[in-house]
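Visitor: Okay, structure incoming, though there's no sequence with it:
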């Protein structure tokens, strides 16, 4: 585990969001980092699909960037617009 330096404004944003979501500041930061990482890796997915991916990853033993990058968690390559 390491220390990540962030701006005072981002820390305040984390504090507010963590209180609203009943998470610790660290848990909120980690959530945002996971969502951001997955969004960069799979820009075709919407927030709901990213959350589903996180749940599948947790059920499979935790988020593994190699598994996500290789598509082993069932990430669809079709966009939300194509599904509806």
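Guide: Nice, thanks for sending it over. Owing to the predicted nature of the structure, the values given are computational and were not obtained by experimental measurement. Numbering: from 1, shown residues only.

Visitor: Tell me where the model's unsure across this protein.
Guide: Using pLDDT under 70 as the threshold, the predicted model of the chain has low-confidence ranges 67-68, 71-84.

Visitor: With adjacent residues omitted, what lies nearest to residue 11?
Guide: In space, not counting the residues next to it along the chain, residue 11 is nearest to residue 25; the distance is 7.6 Å by Cβ to Cβ, 6 or more residues apart in numbering. Where you see a C-beta, it was placed from the backbone N, CA and C, and this is true even at glycine.

Visitor: what residues are up against that neighbour?
Guide: By Cβ atoms under 8 Å, 6 or more residues apart in numbering, the residues touching residue 25 are 11, 14, 15, 18.

Visitor: Please repeat the previous calculation with a cut-off of 7 Å.
Guide: 14, 15, 18 (Cβ atoms under 7 Å, 6 or more residues apart in numbering).

Visitor: Any of those buried? List them.
Guide: Taking 16 or more other Cβ atoms under 10 Å as the criterion, what is buried in these is 14, 18.

Visitor: With secondary structure and distance to residue 41 as added columns, please give the contacts of residue 25 in TSV.
Guide: Formatted as TSV, the entries for the contacts of residue 25 read as follows, by DSSP: H, G, I helix; E, B strand; the rest coil; distance: Cβ to Cβ, whole Å:
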residue	secondary structure	distance to residue 41
14	helix	22
15	helix	28
18	helix	24
